[in-house]
Every structure is written in structure tokens, then in C-alpha cells.
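Student: Dropping the sequence and predicted coords here.
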Amino acid sequence: MLQAKSPFGLYTNRTVCRATKFCYREAISRRSLLVLGPQHISAYCYPQDLSSTSRSTVIATAASEPRQPEEGEEFEEFDEYDEAEDEAYEEQEQADFAAAELADAPLDEEIIRTRQQMALEAGPSNAAAEGESDADEFEDESPFPEPDFKSMLLTDLLGLAAEFDAAAALEEYGDILVNGISDNAEHIMPGDIYCCINQISAIDVVDAHDAYYLQQALLNGAVAVIAEVDMEMPELPDHIPVIYADDVEELASRLAAVFYDKPGAGMNLVAVSGTSGKTTVSWLIRGVLEQAGQLTGMVGSIEHALAEHLVTPEGDLWEPDDIDPAEGRECSSPFALVPYKGRYSVEETTPNGLRLQRSLASMRDRGATAAVVECDASSIAGGSTDWLEPSIAVFTNCGDDPGDLEVFGDKQEYMDGMLELIRSLKDADRQRAVINADDESYKAAEAACGSIPFLTYGINTDADVRAESVELTLWQTTIIVKTPVGRLEIISNLVGRHNVYNILAAVAVGVLLNVPLADIGAGVESVQVVPGRCEVVNNVLDLPLDGEEGEEEAQQQQPKLPHDFPVVVDAADTPQRLATVLETLREAGAERVFTVFGCDGQTTAGEVRARLGEVAHQRSDFVIVTNSSPRLEDPADIVQDVVAGWPNEMFEPYAAYVYNVFQDQTRCPLWFEPFLHSAQRRWKRHIMEDRFQAIRAAIGTAAPGDVVLIAGRGHKDYIEHWDGDDGLVKGWFDDRVEARNALSKLEYLYALVNLDRSSLPWGH
């Protein structure tokens, strides 16, 4: 007897024949998920008492206390991940214990003086010698030269940064040698200045003035501290100077620009701002620069990188600090979190000014001749880019970003904040701008350029760089581009009209940098995918163009994913961005659009969730609302905020029902599930809080001519849930990986010729 439950049907107890059991186990072993109706088995079992249990609670519990199989019950084994979880908890307990000890311990002046002496003794000659030794030892591991050792007297640094009063006040401390500047107490090196810059996460703010972080910074060798005026500070050793500032972040950025010699001014630095398109434009510009033979750095929302090598926020070449439990897996698992360890991620689009200067300096010192930086509105207005000094500033557009509008108050202030990047351009001989002539903000952007030369780009206007013809399909985009130096044809795997604008912006940058048109076209076409940005996960990547040699051989090396319909993963998490992507897919030829999306907890307001629900409803044929990263919020509450944007006519027929029909089936009693499924099937608006199932349900239901859009997460390869206490548990989950896995299993569904998959639950 096998107890089975469809993700959409009733719990059932039934005897399964030997052949069916074999198929069932084969599906499990191949990590497929069969989303079936009441008369079919599903691909995994649920205990019967979970029918009214919150899925977030199930996930959090499963991560720490996996359910043991009952007698006669078979479960797939995940021992390696349970062991990894135990190790993670032990490591966290040890770290918490050490942190408590460190916070309670008095500041040991003798230890701190020893660390400071280490910094003073680490002169340029010693550091260079050590660097040569390290370089010899790891010569094969790093393809770049190590950055030169740099040091400066603290008083000289303050004087060059125009902090004359502070420089004079510190003369009594004698000669303090500074070897670096950092806001990360854990990564402080002997001789660094520690800057107390608070770190903001989705659920809290880390106070950098806390005694624990100050203690750690000093024990690691910090020789000075920059703190905010009027902040309560623990008593520090007498020989550690504290410099108080009204704005620690601004002062740290200015000091870093001086200490690291304004790295942006020594490279072909391109800064990209705007509401949308920044990431894709940045990747395309990098493609053009690399095609032109320049070693190019990148600072953006997906990665900080030098060529193909990832870089940490501190400017070091990234290496995994732990074993990745997700390595080698085809996908995640339902109701279980694979620990998120040993993986690379970026927490913010634009780092603060200090980190930005450090990163660019490390790239320059390793040989970079060019760099591209994404600049979001908050960072520009907050001063992070004040000392950037780009060669070219690109302004893509000004739209409606709810998060930014909340910060700036209104759209005019928001637009002015973004245009500060262009206004910062002062050198008409060296600096240039690129602006979107089709955007409603064009006149304001043109005025912001002042005396700085600029190029315009567009489709609908007579711009300097203009798309003369555009051919859009669901698999690729073909453009004929007119430029001041000639015409070129570009065939790109990036789909949609909004990507035409992104390509034109990159072409304009190439023209300003005097890159030959052939290299501009090749550079743009070399960017066959931008992770999580309208990414067609089952498109053929890295193939020669039609007719080129090697096409057949290259195709044979690609994963065999079906091309019946495209599956698109995009980071669209605002109403305007979601509307743009949905309109793009429809314009490119989608017969039906299946939209799978959710909203993050803690960071997305209820009004925005409702507007997202409204946009998805109006522009999609089939909608599945699911989890994104619920964090500390109840996923059911997030779902209800989303469905509040759906029209009243959808709810009126069910006003007399005891339970809400637009909720996840596990939130209602078993007897009510047929009514819930009937209502959701009627409107083709489904609620599946488990994102694992939601993705597979959409892909399994779609047919040739359709498009499946998985929105909201984009390149992010993790998901965050409440840990059952007062924090978060972070697990590996990548929409692109899940979509590819679901596509690879479609052949098993196609083999079930009598299974009706036209609606959910399948086979109903």
C-alpha cells in the first residue's frame, strides 16, 4: 500500500501495481516530478497530517528535523545533507560562543599594541618580499599579478582628503602607518583603518559601532577608527585614535579615493544608471570591451568580476570558503532546504564608496584596463559614486521603482537623484554620456549633460544610434543598427524589445570608445545570456550562427532540452518590470503566457504585491502565485496581498464559502480541496506556495506556442525562510536549475499519452 498525495488532488490510499511502482521509483531516481490529479500517483509522498500545515513551517522543520520513515514506508535518502546541517549548527554554536566571549572580554591593550606593531613593521619592502613568496607558491592559481603593497601616514591621508583639523589633532599620536581601509571588522588586516559603516540586511541593521565589531577590528590589527558623531562608543585603548564624522560613509569614500589613487580615472570606466536595463547593458558593454581586447572588471548586481574570475566586495579574488552541498545536484528537493554554503553571491547592486574604490583599485592593480559599474539610484544619491570619475556614464531610463520612489518621495526627486551621475561629469575632453532618446526623461538627461558631449540611442526617434529594423522572436532578436560611423547587423539570443534598447546602449558606448563596428557587433553577440534577465533557459547557448562551421558539432555538445516552448527566467519584481517582460513576450509571438511569480517577505510592500498581482492577471493567460523568499512573514499572508490585486468578480461567486478558494490547498481541510481546485481551474489562477512544484506545474501544463515566465528571482540561487526562532534559514534554490530539470523530464510526461495536462490538477 502506498500513501500518495497529488500536489493538486486529494490524499488517497491505494494499492499500486508493481509496474506503476517501478515507474514511480524511476521518476524519483531521475528527480522528476509528476504533477497528477486525484486518479494518478504523484512523484513524492506527504504525510496525511500535513493537509493544514503551513509549508514554511514544514520547510523549516524538515531542514532541522527530517521525518523518519514509518514501518513499511520508503523514503529517498539525503543523509549527506542532514550531516551538513548538523555541521552547520555546530559551527554556528561555536561562532556564537566565541562571539559572546569576545564581546564580554575587556579590550586587551597589550594584544592590540602587538597587532599595531605588526602593522608598523610590515613596511613596503617586507610586504613586497612576502608577496613575491606567496606569488611563487601559488603561481599557477592566480592569473593576475598581486596588487602592489601601499602604505601612507594617517596624517598625510587626512590632509590629502582635506580633513585638516583631524590631521592636526592626530599629530599627538605620532606616525601611524595606514596599509588599507575597510568597513568589515572580520577582514581587517594589520594597519587598516576600521570605518564604522552599518550593514543593512532584509531583516535588520548591523551596528558597526557595536563593541563586538570594534573589538574584532582592533584584534585584527586596526590602527584607527572612524565613527559617527554622537554614537555611543565603548572605551578604546588610548593609543587608538577615533575620528568622528557626520557621515562615515562619505568620509570613508573620500579617504579611499585618495588612498587608492582614484582607480576609475586610470581606466576606461563605464558607469550605468537607470531604473531598468542596468545589468544587461553592463554585461553587453563588458562583451564589447573584452572583444576589443581590454581586460575588463565588473561591479554589478550579479557579480563583481575581473574577466571570468569572481571578486569579493573587499577586492580579493573569490574562493569558496566551504564545500557546496548543492554541487553536482540536478535540482533541489520539495520541502527540504539544501544548505547554502560555498557559493558566490552579491548582496547589493552598488557597494558603498569605500568598497567600490577598493574593488576598482584591486582590478586596476591586477592589470584591468577597463571596468563597468552598475549604479543604482540610492547609491548615487548617497554619494557612493561621487569619486568614481567614469569615462562614460550611461542613463537607460527613468521608470517607476516602488522601492526607490519610497526613498526619494516622488518621481522627480528620483530622476534627479539618478541624473547626479551624469552631472558629476566635468571633463569635456575625457568624459562622455549616453542617453535614451525615447525615454520620457530624455530632456532632463540632456540638460544634465551640460557641456559634456553625448550620444543618444533609440528606436522611435532619429537618435545617433538607432535601430532601423527590428525582428523579434521568442528565441532571438535581429537588429539593423545605424550609427555615426556606419551600419551593422546584430543577431542576439537576448529576446524582447527592451533588450533592443539595451543593445543600442552598448553599441553607443562602443562607438564612443572608438571600437570598430565589427568588434562591437561580435562583442554584443558574444553575450548569449545575462543570468536571470529574460533568460531563455532552454535556448541553445554558445552556438555559431546559422551557416557557420562547427554548428552541428556544437549542437551535439549541448544539453538535450526540448524546444517546444521557451521557458524564461527574469528578475522582474516590480509592477513596471513585470509588465514590460510580459508585453515583450506577447509581442515576440507567445500564444499563451504562463506566469509563475511571488513576492519577497520583509522588503515588498502590500500595495506593490497587489499591483504585481494585477499586472500578472491582466497580461497572463495562466498564473501561479508561489513563494519567493518569505523570510519572517507567513507565505499565506504574502499570497493574500498578491491576490488582492485580482478583480472582485473572481471572488464574488465564492463569497458564501467557508474557506478562501484562492489559497494553497494545504491551508484548507481535505474535504474543501475539490471546491478550491474547481475555482482555481475555472480562472486559471493557482496558488502553490512550494516554488518547486509551481515551476514544474507550469512547465508541465504549457504546450507548443506558449511561454513560461518564472519571475521575481532571476539569477538569485537561494531562498530564505523563517528558521522557527528569530532568524532566517537560507537554502539553495535556483529557478534556472529547476526549470532545466523540469524540461529534461518532459519526455516522461509525454509518454503518458492518456494524461490530460491542459489544466490543473492534471488528469482531473
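Tutor: Looks like it arrived, so ask away.

Student: Gly174 is in contact with Leu154, correct?
Tutor: No - counting by Cβ atoms under 8 Å, Gly174 is not a contact partner of Leu154; they are 9.8 Å apart. C-beta coordinates here come from the backbone N, C-alpha and C atoms, glycine included.

Student: could you pull out the strands for the stretch 351-500 of the chain?
Tutor: With DSSP state E, counting those that start in this stretch as the criterion, the stretch 351-500 of the chain has strands at 370-374, 392-395, 432-436, 454-458, 465-472, 477-483, 486-492.

Student: Please identify the most buried of these.
Tutor: Of all the strands of the stretch 351-500 of the chain, strand 392-395 has the most neighbours on average by mean count of other Cβ atoms under 10 Å, namely a mean of 29.

Student: tell me the mean pLDDT over that one?
Tutor: Taken as a whole, strand 392-395 has an average pLDDT of 97.

Student: Can you give the distance of that strand from its chain's centre?
Tutor: Distance, stretch centre to chain centre, for strand 392-395: 22 Å (Cα atoms, centre = their mean, to the nearest Å).

Student: that older thread, got the strands of the stretch 351-500 of the chain as CSV, with distance to Pro402 columns?
Tutor: Below are the strands of the stretch 351-500 of the chain laid out as CSV (distance: least, Cβ to Cβ, whole Å):
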stretch, distance to Pro402
strand 370-374, 19
strand 392-395, 20
strand 432-436, 21
strand 454-458, 26
strand 465-472, 28
strand 477-483, 29
strand 486-492, 30
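
Student: For Ser384, which of those strands is the nearest?
Tutor: strand 370-374 (9.7 Å; Cβ to Cβ).

Student: end to end, how far does stretch 588-602 reach?
Tutor: 35 Å (Cα to Cα, to the nearest Å).

Student: which of Leu154 and Gly174 has more neighbours?
Tutor: Leu154 (23 against 10; other Cβ atoms under 10 Å).

Student: Distance of the residue positioned nearest the centre of the chain relative to Asp570?
Tutor: When Cα atoms, centre = their mean is applied to the chain, the residue found nearest the centroid is Lys716 (4.4 Å). Look at Lys716 and Asp570: by Cβ to Cβ, to the nearest Å, they are 12 Å apart.

Student: tell me, what's touching these two both at once?
Tutor: Common neighbours of Lys716 and Asp570 (criterion: Cβ atoms under 8 Å, 6 or more residues apart in numbering): Gly532.

Student: With only the CA atoms kept, save stretch 712-728 in CSV.
Tutor: The C-alpha coordinates for stretch 712-728 follow below in CSV (Å, rounded to 0.1, in the frame of the first residue of the first chain):
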residue,chain,number,x,y,z
GLY,A,712,11.0,37.6,-9.4
ARG,A,713,14.2,35.7,-8.5
GLY,A,714,16.3,36.0,-11.6
HIS,A,715,19.9,35.0,-11.0
LYS,A,716,19.4,34.6,-7.2
ASP,A,717,20.2,31.0,-6.3
TYR,A,718,18.9,30.9,-2.8
ILE,A,719,15.6,31.3,-0.9
GLU,A,720,15.2,32.4,2.7
HIS,A,721,12.6,31.1,5.2
TRP,A,722,11.9,31.7,8.9
ASP,A,723,14.1,29.4,11.0
GLY,A,724,11.4,28.9,13.7
ASP,A,725,13.1,31.2,16.1
ASP,A,726,14.0,34.9,15.3
GLY,A,727,16.3,34.4,12.3
LEU,A,728,16.4,33.1,8.8
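
Student: Can you give the distance of that stretch from its chain's centre?
Tutor: 13 Å.

Student: Make 39 the first number, not 1, from now on.
Tutor: Got it, the first residue is 39 from now on, which makes the last one we talked about stretch 750-766.

Student: tell me which residues form a beta bridge with the closest residue in space to Met336 that isn't next to it in sequence?
Tutor: In this structure, Met336 finds its nearest non-sequential neighbour in Ala343, 4.6 Å apart by Cβ to Cβ, 6 or more residues apart in numbering. Under DSSP bridges, the beta-bridge partners of Ala343 are Met336, Leu348.

Student: coming back round to it: quick one: which helix or strand includes the residue nearest to the centre of the chain?
Tutor: Per DSSP states H and E: Lys754 is located in neither a helix nor a strand.

Student: gap between it and Ala200?
Tutor: The value you get for Lys754 to Ala200, if Cβ to Cβ is used, is 40 Å.

Student: Counting neighbours, what do you get for the residue lying closest to Ser397 once chain neighbours are set aside?
Tutor: Closest residue to Ser397 apart from its sequence neighbours, by Cβ to Cβ, 6+ apart: Gly353 at 4.6 Å. The local packing of Gly353 (other Cβ under 10 Å) involves 25 other residues.

Student: Need the three-state assignment for Gly353.
Tutor: coil (DSSP: H, G, I helix; E, B strand; the rest coil).

Student: contacting residues around Asp362?
Tutor: Lys379, Gly380, Arg381.

Student: before we move on, what about Trp321?
Tutor: So Trp321 contacts Met336, Gly338, Ile340, Val565, Val568, Arg571 (Cβ under 8 Å, 6+ apart).

Student: okay but Thr423 is in contact with Ala309, surely?
Tutor: Yes - Thr423 lies in contact with Ala309 (Cβ under 8 Å); the separation is 6.6 Å.

Student: shared neighbours of these two, which are they?
Tutor: Common neighbours of Thr423 and Ala309 (Cβ under 8 Å, 6+ apart) are Val411, Cys413, Leu459.

Student: With pLDDT and distance to Lys316 as extra columns, can I get the residues you listed in CSV?
Tutor: Shown next, in CSV, are those (pLDDT from 0 to 100; distance: Cβ to Cβ, whole Å):
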residue, pLDDT, distance to Lys316
Val411, 97, 10
Cys413, 96, 7
Leu459, 96, 11
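
Student: quick check, nearest of those residues to Thr313?
Tutor: For those, the nearest to Thr313 is Cys413 (11.9 Å; Cβ to Cβ).

Student: Verify the stated contact: that closest one with Leu307.
Tutor: No - counting by Cβ under 8 Å, Cys413 stays clear of Leu307, with 11.1 Å between them.

Student: So for those two, which sits in the more crowded spot?
Tutor: With neighbours defined as other Cβ under 10 Å, Cys413 and Leu307 compare such that Cys413 has more, 28 against 24.

Student: who's in contact with the more buried one?
Tutor: Contacts of Cys413 by Cβ under 8 Å, 6+ apart are Ala309, Val310, Ser311, Lys316, Thr387, Thr388, Ser422, Thr423, Leu426, Leu459.

Student: and the least confident of those?
Tutor: Here the lowest pLDDT out of those sits on Thr387, with 89.

Student: Checking that one next. Helix, strand or coil?
Tutor: coil.

Student: now the nearest residue to Ser220 once chain neighbours are set aside: how far from Pro301?
Tutor: In this structure, Ser220 finds its nearest non-sequential neighbour in Asp230, 5.0 Å apart by Cβ to Cβ, 6+ apart. Using Cβ to Cβ, Asp230 is found at 18 Å from Pro301.

Student: Could you do Cys234 as well?
Tutor: Distance from Cys234 to Pro301, by Cβ to Cβ: 24 Å.

Student: residues near Asp675, how many?
Tutor: Residues within reach of Asp675, counting by other Cβ under 10 Å, total 12.

Student: same question, Thr499
Tutor: A count of nearby residues for Thr499, using other Cβ under 10 Å, gives 13.
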